[in-house]
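S.K.: predicted model and sequence follow; I will ask about them next.
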Amino acid sequence: MSSRISYAFFFVFLLLAGALGALYYVKGEWNPPTLSVTPDQSTAGASTVFTVTAADADSGLRLLHVTATQNGNTIDIVKKDLPEGTRDLTETFSLPKSISNGAVTLAVTVKDASWHRLGHGNRADFKRDMTVDSKPPVVSVLSGQHNVNQGGTGLLVYSTDEELGKSGVRMGKHFFPGYPYQPGKYLCFFAIPYNADVKALTPALVASDLAGNEVSIGFFFNPRVKAFKHDSINVSDNFLQSKMGQFTQYYPDQTQPIDIFLKVNSELRAKNVGYLLQLGRDTVPQKLWDGPFIRLPNSAPMAGFADNRTYMHGGQAVDNQTHLGVDLASLAASPVPAGNTGRVVLAEFMGIYGNVVVLDHGFGVQSLYSHLSEIHVHKGETVQRGQIIGKTGATGMAGGDHLHFGMLVSGLEVQPIEWWDPHWIKDNITSKLQ
């Protein structure tokens with residue numbers, strides 16, 4: 001009888017042990033959580049915001065612990081038990097004010113809810129030795145006068161006592177990035193938007209170091225107010241019938257050519273301008289160009305920069321837009337030379353511009369050639385000053401064969417005629433770079 005009881009007890013014990021073993025196998029998975037900490041930098045300041053990203057798809061996250069150690073003292077920055085079932089975690093934090101300038105070790109630990117390690121769970125650790133810097137950079141403007149035309153371009157040259165993470169000129173709602181030029185020196189091409197309230201502008205040079213400490217200073221700035229033309233453009237039915245077929249794909253719900261025109265002339269125009277602003281970031285921190293830009297040979301100006309246009313149809317005003325660029329007319333399908341040496345960042349059909357080529361000349365300066373009948377270059381190519389990049393045409397919203405030539409600073413279209421003028425380039429750019 002006792003033998004039967006012993007066997008039964010042993011059998012139950014084996015079942016319980018097996019069940020516990022199976023449960024531990026399920027709950028005791030060995031996969032550690034994933035863990036990352038951004039930004040990936042070795043210098044931090046009071047304004048630096050760190051982001052912890054962690055995940056555990058198996059047993060879920062259980063604990064987050066963030067510490068900073070300086071001079072042998074360890075400070076808890078974040079320490080929290082996480083709700084059961086937490087699979088993903090994103091936590092932001094900054095260094096406490098008690099951390100002084102100097103060396104510090106940042107440590108982050110996350111643990112999961114696994115039964116592994118006798119219930120302690122799997123863990124992932126992050127550790128980084130950093131330097132805390134709360135002192136803003138010292139920035140000095142080196143370039144002298146900055147006489148800038150409304151709609152035109154200016155150049156600021158400045159020095160700093162440390163490497164900068166970001167710098168540039170803030171002009172109203174626009175920010176023009178600066179770039180390293182020489183050891184300890186930076187430059188920034190900036191512009192006054194054609195439609196800015198010039199008298200209300202207060203531009204500032206803004207600079208932040210690698211730790212995120214920021215300083216903002218003013219500089220001598222003499223804006224020159226310019227008056228721009230106004231024209232009335234008649235939108236004929238023949239123009240609508242011949243041109244709007246290019247744009248039906250954008251507005252398939254519109255059936256009347258005039259309705260497509262109004263969409264293209266406003267909505268698509270705004271999208272194209274916005275894309276050029278994005279494209280302005282595709283630049284290299286070096287000066288690829290040299291000398292004045294080439295104007296389309298043997299051409300006559302047909303429209304100027306910032307000409308305001310009222311569009312008339314059937315005797316009524318139907319829209320109002322601003323023409324940004326200079327229209328140059330020569331013989332049909334005339335060869336178009338690159339205004340200066342640069343890198344092709346766009347070579348395709350783009351909305352109102354039709355077939356367009358955009359060249360990057362470095363430091364945020366770009367040139368634009370649109371309404372082309374042919375494109376002879378490809379994105380990524382480097383072209384030389386005067387090299388033929390295409391032929392004039394009437395693609396996009398062009399009413400006839402011509403070249404729409406534009407200059408851009410950080411994606412913002414500016415007055416092109418300045419860039420054709422060797423005296424302007426010498427006085428406003430070359431002399432400052434020297």
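M.R.: Good, I have the coordinates. Remember, predicted model here, so these are calculated numbers, not experimental data.

S.K.: low pLDDT regions in the stretch 1-150 of the chain?
M.R.: The stretch 1-150 of the chain contains residues with pLDDT under 70 at 1-28, 117-119.

S.K.: how about the strands in it?
M.R.: Residue ranges of the strands in the stretch 1-150 of the chain, as given by DSSP state E, counting those that start in this stretch, are 34-38, 43-44, 50-55, 61-70, 73-86, 88-93, 102-112, 123-132, 139-141, 147-149.

S.K.: mind giving me the domain split of this protein?
M.R.: 1-28, 31-132, 139-224, 230-433 (automatic domain parsing).

S.K.: so can I have a markdown table of these showing mean neighbour count?
M.R.: Every C-beta, even on glycine, is put in place using the N, C-alpha and C of the backbone. What follows is the domains of the chain, written out as a markdown table (neighbours: other Cβ atoms under 10 Å):
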| stretch | mean neighbour count |
| --- | --- |
| domain 1-28 | 10 |
| domain 31-132 | 16 |
| domain 139-224 | 18 |
| domain 230-433 | 18 |
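
S.K.: find the centremost residue of this protein, please.
M.R.: Taking Cα atoms, centre = their mean as the criterion, residue 281 is the residue nearest the geometric centre of the chain, at 5.3 Å.

S.K.: which other residues reach stretch 67-74?
M.R.: Outside stretch 67-74, the residues within contact range by Cβ atoms under 8 Å, 6 or more residues apart in numbering are 75-77, 95-96, 99-100, 102-107, 132.

S.K.: break down the stretch 251-400 of the chain into its helices, ranges please.
M.R.: Along the stretch 251-400 of the chain, the segments classed as helices by DSSP state H, counting those that start in this stretch run 257-263, 269-279.

S.K.: of those, which is nearest residue 312?
M.R.: Of all those, the one in closest proximity to residue 312, counting by Cβ to Cβ, is helix 257-263 (11.5 Å).

S.K.: partner residues bridging residue 311?
M.R.: Applying DSSP bridges to residue 311 gives these bridge partners: residue 233, residue 319.

S.K.: redo the strands of the stretch 1-150 of the chain as CSV? Include distance to residue 348.
M.R.: CSV is the format used below for these (distance: least, Cβ to Cβ, whole Å):
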stretch, distance to residue 348
strand 34-38, 34
strand 43-44, 41
strand 50-55, 37
strand 61-70, 46
strand 73-86, 46
strand 88-93, 38
strand 102-112, 45
strand 123-132, 43
strand 139-141, 40
strand 147-149, 31
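
S.K.: can you tell which of these is closest to residue 246?
M.R.: Nearest to residue 246 among the strands of the stretch 1-150 of the chain is strand 147-149; the distance by Cβ to Cβ comes to 34.3 Å.

S.K.: tell me the strands beside that closest one, with direction?
M.R.: The strands that strand 147-149 pairs with in its sheet are strand 222-224 (parallel) (by DSSP bridges).
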